[in-house]
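> Can you look at this prediction? I've put the sequence above it.
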Amino acid sequence: MKVIIVDDEPLALDILETFIQQIPELTLVSRCVNAFEANQALLDHDIDLMFLDIQMPQMTGLEFLKTLPNPPMVIFTTAFPNFALEGFELNVLDYLLKPIAADRFLKAVNKAKEHYTKQKASEIAEAGDDKNFFFVKADKKLVKINYHEITYIEGLKDYVIIWLEQNRIITLQTMKSLEDKLDLRSFKRIHRSFIVNLDKVTAVNGNMVELYFKGQLKQLPVGKNYKDELLEIINHNKL
């Protein structure tokens, strides 16, 4: 599971990082000192689990969580027990009181691992069904998108552009929320701003993916945080 820590206290960040490093199933992606850094980390990476402090300057953890349309699993960390009820109303996975004990941390992580396993099993089951389309909201209506017609997808701030074989669809949502709708067998995120249909890719040239769009060669950048997974797919002859 890919993890970020969000806390304005350096000592709290250090303690959580030490705990995380001792669990092979967890990979720490980013240490964030405020909600704005955390928001950028969520845009840049596919985060599975977020350890989120509640009492932070500028924006509290509770306020930040309410801004996220599709948050990852969340475990609150705080020195104040009076926020527990509101936290659970936001469907947080667990609530750790500071100073965080190692056994209590491990219990919360085991709960996250169980939830993560069930979630991935559900995604695999959905990817294996016979549906070959999904719907997005665009132009005040629900528009049907066929998987095989998608060439690539481009993120632009709060909007996503779906580039189809003959036209484009612009929808108000995040890349992560759209990624959750995609057929996991055929699509790969290669950059914070791009998802490609692997069936349309003709070559990988250095840090660029090549494909043809409307009869012309199109090159899309591959982000350094996504390149290893893309090369792994290629090396296993899945592309």
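Everything's here; your move.
> Which residues are in contact with the residue nearest to Phe51 when sequence neighbours are not counted?
Closest residue in space to Phe51, ignoring its immediate chain neighbours: Ile5 at 4.8 Å, by C-beta to C-beta, 6 or more residues apart in numbering. C-beta here means a position set from N, CA and C on the backbone, and glycine is covered the same way. Residues near Ile5 by C-beta atoms under 8 Å, 6 or more residues apart in numbering: Leu13, Leu16, Glu17, Ile20, Leu28, Ser30, Arg31, Cys32, Met50, Phe51.
> buried residues in the helix or strand hosting the third one?
Per DSSP states H and E, Glu17 falls inside helix 10-21. By 16 or more other C-beta atoms under 10 Å, the buried positions in helix 10-21 come out as Ala12, Leu13, Ile15, Leu16, Phe19, Ile20.
> One more: stretch 44-55?
Asp44, His45, Ile47, Asp48, Leu49, Met50, Phe51, Leu52, Asp53, Ile54, Gln55.
> The fifth one pairs with what?
The residues paired with Leu49 through beta bridges, assigned by DSSP bridges, are Val3, Met73.
> Confirm Leu106 sits in a helix?
Yes. In this structure, Leu106 lies within a helix as judged by DSSP: H, G, I helix; E, B strand; the rest coil.
> And it, how close does it get to Gln216?
Leu106 sits at a distance of 54 Å from Gln216 (criterion: C-beta to C-beta, to the nearest Å).
> From the centroid of this structure, which residue is nearest?
Nearest to the geometric centre of the chain sits Asp46, at 2.7 Å (C-alpha atoms, centre = their mean).
> Please report how far that one lies from Gln55.
Asp46 is 28 Å from Gln55, by C-beta to C-beta.
> got it, and Ile100?
Ile100 is 15 Å from Gln55, by C-beta to C-beta.
> Kindly check the end-to-end length of stretch 161-177 for me.
This stretch, stretch 161-177, spans 13 Å end to end (C-alpha to C-alpha, to the nearest Å).
> Contacts for stretch 187-200, please.
43-44, 46, 147-148, 150-156, 175, 178-179, 182, 186, 209, 211-212, 220-223, 226-227, 229-230, 233, 238-239.
> at 7 Å instead, please
For stretch 187-200, contacts defined as C-beta atoms under 7 Å, 6 or more residues apart in numbering pick out 43-44, 150-155, 175, 179, 186, 209, 211, 220-223, 226, 230, 233, 239.
> Am I right that the residue nearest to Phe51 is in a strand?
Yes. Counting by three-state DSSP, Ile5 is found in a strand.
> Could you check how far it is from Ser30?
8 Å.
> most remote residue from the protein's center?
Distance-from-mean max, the chain, by C-alpha atoms, centre = their mean: Gly215 at 31.9 Å.
> where along the protein do the helices fall?
According to DSSP state H, the chain carries its helices in the segments 10-21, 35-44, 61-67, 84-89, 102-127, 175-179, 227-235.
> In the longest one, which residues are buried?
Applying a neighbour-count criterion of 16+ other C-beta under 10 Å, the buried positions in helix 102-127 are Phe105, Ala108, Val109, Ala112, Lys113, His115, Tyr116.
> Touching, the fifth one and Leu26? I think so.
Right, Lys113. No. In this structure Lys113 lies outside contact range of Leu26 using C-beta atoms under 7 Å: 8.8 Å.
> okay, now the domains of the chain?
According to automatic domain parsing, the chain comprises the domains 2-127, 133-235.
> Asp46: what's its closest spatial neighbour, skipping adjacent residues?
Counting by C-beta to C-beta, 6+ apart, Asp46 lies nearest to Lys2, which is 6.4 Å off, once chain neighbours are set aside.
> For Leu11, see how far away the residue nearest to Phe51 is.
Distance from Ile5 to Leu11, by C-beta to C-beta: 12 Å.
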